[in-house]
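**Student:** here's my sequence, what's the structure:
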Amino acid sequence: MQAIWNGRIIADSDRCIEVEGNQYFPVEDVDMSLLQPSDTETVCSWKGTAHYYDVAVGGEVNRDAAWYYPAPFDAASEIEGRIAFWRGVEIR
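**Tutor:** Residues are numbered from 1 along each chain as shown. Coordinates of the predicted model:
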């Protein structure tokens, strides 16, 4: 699986986990130099509190286009240490 935005591969992995239709990439397989911390947080009733990154490629920023759960609830423990993408980031 690859996560691509603005013509750049952000993540590339054969170890993704699919949860609710989203591919969660291991953090080791994500180019963290393209992610900038965001102050955004949301809460999921069964996964916990999600934190977000902005994706920055080629001088453009895609706000809150990546998210992760630093301390997921037990029911979602498999996504700890993983990052998912949306908002126009192509997953293929």
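**Student:** what's the helix or strand for residue 52?
**Tutor:** Using DSSP states H and E, the element containing residue 52 is strand 48-57.
**Student:** Three-state assignment for residue 76, please.
**Tutor:** helix (DSSP: H, G, I helix; E, B strand; the rest coil).
**Student:** I figured it hits residue 17, correct?
**Tutor:** No. Look at residue 76 against residue 17 with C-beta atoms under 8 Å: they stay out of range, at 10.1 Å. Bear in mind the C-beta positions are built from the backbone N, C-alpha and C, glycine included.
**Student:** now do the strands in the protein.
**Tutor:** 2-5, 8-12, 17-19, 22-26, 35-44, 48-57, 60-68, 82-85, 90-91 (DSSP state E).
**Student:** could you list the residues in contact with the shortest one?
**Tutor:** What it means is strand 90-91. 1-5, 23, 85 (C-beta atoms under 8 Å, 6 or more residues apart in numbering).
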